[in-house]
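**Student:** Provide a 3D model corresponding to the input given below.
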Amino acid sequence: MSLKEIKQRELDILLYVKKICDDNGLNYFLHGGTLIGALRHQGFIPWDDDIDICMPREDYERFLNIDKNMSNQYSSLSIENDENYYYAFSKVTDRQTTIKDSNEKTHYGVFIDVFPIDNVPQSCFKKNIYFLRAYVYKRILMHLNEKEVKKDGNVLKIVLRQFVKLFNHKKIIKSFNEHIIKVPRGLQVSTITTGSQWDISYQREWFDGKVTVTFEGHDFPAPIGYDSLLHKYFGEYMVVPPKEKQVAHGYTYVALNKESKE
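**Tutor:** Sure thing, here's the model as predicted:
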């Protein structure tokens, strides 16, 4: 599938999610590179090949519950509806496509990522423990998701990767979720389930309202504090990075139907 076709399918998924959220009064926001793309390019970052959104935890759980009862070409993936899913956040995937030559046990096609927005402890000590435990959970899940254990690195890293294979991914995700949802409401929030990053925290007030941005000719919500959020994590986000940093994720997809969508 061409990059143009992948982007169109991702946009179709995003519009599907938008309709569910709008029809059911669910809050969601464009996030990360997708939000930068909307602000800087009014659509995809030209070399980018994915879409990220985030939702407050309550809306996220409601969305998953609503979507699992719908029957169409799109499906939200989570450990609750796919025991071979190895992420603590959800992917909404196009079931008419599949990823090719992947070393992941998780199976999906063209997708968009949906991250829950969760509470962060207020005390500095508890916050550090919170992020440390989350980082460990995410690293374990990343290695459990590998079909083949990587042989790169020193002997200690190879041994640790083999040791990690003894864990059960469903129990890890359950423990990870329990670790997150027990945190009381405070001044900060996080999309802590994403990636393997360390400290991912935002001021709650940045999400206390929304503004409308344009992405590929459609209106979507962005957090009201988007400028502070993006400056914190991306610096001068409106400046186009140099060529060497214009790198896509590089997923290779195959359409399962005979006719690809343009």
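
**Student:** residues contacting the closest residue to Asn119 other than its chain neighbours?
**Tutor:** Of all residues not flanking Asn119 in the chain, Val183 sits nearest, at 4.2 Å (C-beta to C-beta, 6 or more residues apart in numbering). Heads up, the C-betas are built off the backbone N, CA and C, glycines and all. Neighbouring residues of Val183 by C-beta atoms under 8 Å, 6 or more residues apart in numbering: 118-121, 130.

**Student:** in the worst-scoring helix or strand of the chain on mean pLDDT, what's buried?
**Tutor:** Scoring the helices and strands of the chain by mean pLDDT, DSSP states H and E places helix 155-164 at the bottom, with a mean of 74. For helix 155-164, the neighbour count (16 or more other C-beta atoms under 10 Å) marks 161, 164 as buried.

**Student:** just give me the neighbour total for Tyr60.
**Tutor:** Residues lying near Tyr60 (other C-beta atoms under 10 Å) number 25.

**Student:** let me redo that: Ser228
**Tutor:** 13.

**Student:** ok, it touching Trp206?
**Tutor:** Yes. The criterion here is C-beta atoms under 8 Å, and Ser228 meets it with Trp206 at 5.9 Å.

**Student:** low-confidence ranges in the chain?
**Tutor:** The model of the chain has pLDDT under 70 over residues 150-154, 196-198, 257-262.

**Student:** which residues of it fall in helices?
**Tutor:** Ranges of helices within the chain are 3-24, 32-41, 57-67, 124-144, 155-164, 169-181, 226-234, based on DSSP state H.

**Student:** ok so, going back, any idea how far the residue nearest to Asn119 is from Ser2?
**Tutor:** Going from Val183 to Ser2 by C-beta to C-beta, to the nearest Å gives 43 Å.

**Student:** do Tyr135 as well
**Tutor:** In terms of C-beta to C-beta, Tyr135 sits 36 Å off from Ser2.

**Student:** more neighbours, these two?
**Tutor:** More neighbours surround Tyr135 than the other of Tyr135 and Ser2, with 16 against 10 (other C-beta under 10 Å).

**Student:** now the residue nearest the centre of the chain, nearest residue through space, not along the chain?
**Tutor:** Centroid-nearest residue in the chain, with C-alpha atoms, centre = their mean: Asp113, separated by 3.5 Å. Spatial nearest neighbour of Asp113, excluding adjacent residues (C-beta to C-beta, 6+ apart): Asp52 at 4.8 Å.

**Student:** pull the CA atoms of the longest strand along the chain into CSV?
**Tutor:** In the chain, taking DSSP state E as the definition, the longest strand is strand 111-119. The C-alpha trace of strand 111-119 is given here as CSV (Å, rounded to 0.1, in the frame of the first residue of the first chain):
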residue,chain,number,x,y,z
PHE,A,111,-4.5,1.7,12.6
ILE,A,112,-4.7,4.8,14.7
ASP,A,113,-3.6,4.9,18.3
VAL,A,114,-6.0,5.8,21.1
PHE,A,115,-4.4,6.7,24.5
PRO,A,116,-6.3,7.1,27.7
ILE,A,117,-5.5,10.2,29.8
ASP,A,118,-4.8,9.2,33.4
ASN,A,119,-4.1,10.8,36.7
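
**Student:** name the helices or strands packed onto that strand?
**Tutor:** When contacts are defined as 3 or more C-beta pairs under 8 Å, 6 or more residues apart in numbering; DSSP states H and E, strand 111-119 packs onto helix 3-24, strand 52-56, helix 57-67, strand 90-94, helix 169-181, strand 188-190.
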